[in-house]
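Student: got a predicted structure here, sequence first:
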Amino acid sequence: SRLAITFTLTARSQALLSLVVDAHTFNHIKIGKMKVSLFLLALVSSALAEIAFEDRFDKDDWESRWVQSTHKGAEAGKFAWTAGKFYGDAEKDKGIQTSQDAKFYALSAEFKPVSTQEKPFVVQFTVKHEQNIDCGGGYAKLFDCSLDQTDMHGESPYKIMFGPDICGPGTKKVHVIFNYKEQNHLIKKEIRCKDDVFTHLYTLIVQPDGTYEVLIDNESAQKGSLEEDWDFLPPKKIKDPEAKKPEDWDDRAKIDDPEDSKPEDWDQPEHIADPDATKPEDWDDEMDGEWEPPMIDNPDYKGEWKPRQIDNPEYKGKWVHPEIDNPEYDADEASKLGKYDEICKIGFDLWQVKSGTIFDNILITDDVEEAKRIGDETWGATKDPEKKMKDEQDEEEKAKAEEEQKNSEDDEDEDEDLDDIDDEEA
């Protein structure tokens, strides 16, 4: 007999999982039909991807899902729903934009709690600094369920912080910060963010095996392991405190040749009196003092003598301090890095000098490939038309500026002609 089971994944995954199992095979190895069913259900359950949160801001009801913090009071800036001054699609590119200069922004949304213990964790969103930002953040924070959204602020504890940050020419980086034992740890590697005015896609992938990857515009920008690229844990190895370099250890590769000696005529003054100089005829010793010839570089000066170098017959190489296992290192702790029991809120907690940043296409899922597909479906579909529209706007502005400049020059020429006529009449 043949048992056929078909499962359809979520509409967003657009995939079909078909499993055909020969029950006779399992019976042959004495596995009952009940165990077969349980096995298949477990397999399918692990294969199904979950989208914990997604907001494309395609409707004007976004404020019903997002909570504005009141912590900063009058210093808090407001988000506006817009596609900006240029876009690839007037509706699809609508997002939430910082709308007031020199303000704090604190906005968050809640979703069904997810754990990063056993499945991949993916957070993804687009950022568009159409104001050509000079100083301000474009990052998101992930919180556990204890966050009071109405009081969210810069000191609110978070689990993960991810996204671009720009301030002047010196800071143009992507933050990847994890909270570990109530301390926030920054990535040691440098990840440069995009600093133009166009929309860019930022993706953080955290795997249960302790590895990570950062994508910018669906291309890998950095990857590695949490243990190696953050200072969460003390080092595995430390220098042996009991070890010392032996007193007779000679680590000089070269030494002075004991057979070499300084030539007798080596020592010469660095400067000598110019032999070609003569005392000026009008020099008065009583008035000008005793005449002395000017000094010049001595062509026979050889500098400081140093004996030639030879290989050291006693050289033992560079002494390397031996290492031992660090008693403070805990391998079990390494397996817990980046793993949180619950994450259920995402927020933007920012300060911007110049407003205008648009956030859009926010996604939290456990499916890496699905995130890439959605990235292509959203950002990927509108990035080229967005650039085209911006280029056209720039060309129009350039032509307008040239026309205004030409008109201004014509007006100046006309004024000069009128002045000439007035002068002639006078």
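Tutor: On my side now, so go ahead.
Student: quick one: the helices in this structure?
Tutor: With DSSP state H as the criterion, the chain has helices at 23-28, 33-47, 226-229, 285-288, 331-334, 368-377, 379-425.
Student: for the stretch 101-250 of the chain, what are the low-confidence residue spans?
Tutor: Applying pLDDT under 70 to the stretch 101-250 of the chain picks out no residues at all.
Student: tell me where it has strands.
Tutor: 103-114, 121-129, 135-137, 140-143, 160-167, 171-180, 183-186, 199-206, 211-216, 219-225, 237-239 (DSSP state E, counting those that start in this stretch).
Student: contact partners for the residue sitting nearest the centre point of the chain?
Tutor: In the chain, the centroid-proximal residue (Cα atoms, centre = their mean) is residue 174; its distance is 2.2 Å. Shown in contact with residue 174 (Cβ atoms under 8 Å, 6 or more residues apart in numbering): 162, 163, 164, 165, 191, 192, 193, 202, 214, 216, 221, 222. For every residue, glycine as well, the C-beta is placed using N, CA and C.
Student: one more time with 10 Å, if that's ok
Tutor: Residues near residue 174 by Cβ atoms under 10 Å, 6 or more residues apart in numbering: 138-139, 162-165, 187, 189-194, 202, 204, 214, 216, 221-222.
Student: select only the buried ones of these in PyMOL?
Tutor: A single PyMOL command selects the buried members of the contacts of residue 174 (16 or more other Cβ atoms under 10 Å):
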select buried, resi 138+139+162+163+164+165+187+189+191+193+194+202+204+214+216+221+222
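Student: low-confidence bits of the stretch 251-400 of the chain, can you list those?
Tutor: In the predicted model, the stretch 251-400 of the chain carries no residue with pLDDT under 70.
Student: again, only using 90
Tutor: Scanning the stretch 251-400 of the chain for pLDDT under 90 picks out 281, 284-288.
Student: ok so, going back, distance of the residue nearest to the centre of the chain relative to residue 138?
Tutor: Residue 174 sits 9 Å away from residue 138 when distances are taken as Cβ to Cβ, to the nearest Å.
Student: give me the common contacts of those two.
Tutor: Looking at what touches both residue 174 and residue 138 (by Cβ under 10 Å, 6+ apart), the common residues are 163, 164, 165, 193, 194, 202.
Student: hmm, the fourth one is touching residue 202, no?
Tutor: Put plainly, it is residue 193. Yes - contact criterion Cβ atoms under 10 Å: residue 193 and residue 202 qualify, at 7.9 Å.
Student: got any residues that touch both of the two?
Tutor: Joint contacts of residue 193 and residue 202 (Cβ under 10 Å, 6+ apart) are 127, 138, 139, 163, 164, 174, 216, 221.
Student: residues in contact with the residue lying closest to the fourth one once chain neighbours are set aside?
Tutor: Same thing as residue 163. With sequence-adjacent residues excluded and distances taken as Cβ to Cβ, 6 or more residues apart in numbering, residue 163 is closest to residue 139, at 2.9 Å. Residue 139 sits next to 125, 127, 160-165, 174-177, 193, 202, 348-350 when contact means Cβ under 10 Å, 6+ apart.
Student: and the residue sitting furthest away from the middle of the chain, how far from residue 277?
Tutor: Computed with Cα atoms, centre = their mean, the maximum C-alpha offset from the centroid of the chain is found at residue 286, amounting to 76.2 Å. Per Cβ to Cβ, residue 286 is found 21 Å from residue 277.
Student: repeat for residue 169
Tutor: From residue 169 to residue 277 the distance is 55 Å (Cβ to Cβ).
Student: higher neighbour count, those two?
Tutor: residue 277 (13 against 8; other Cβ atoms under 10 Å).
Student: ok, the residue lying closest to the more buried one once chain neighbours are set aside - contacts?
Tutor: Spatial nearest neighbour of residue 277, excluding adjacent residues (Cβ to Cβ, 6+ apart): residue 293 at 4.1 Å. Residues near residue 293 by Cβ under 10 Å, 6+ apart: 272, 273, 274, 275, 276, 277, 278, 279.
Student: and with 6 Å instead?
Tutor: By Cβ atoms under 6 Å, 6 or more residues apart in numbering, the contact list for residue 293 reads 273, 274, 277.
Student: which one of these is nearest residue 57?
Tutor: residue 274 (83.6 Å; Cβ to Cβ).
Student: right, and the closest one touches residue 292 too?
Tutor: No - between residue 274 and residue 292 there is no contact under Cβ atoms under 6 Å: 10.3 Å.
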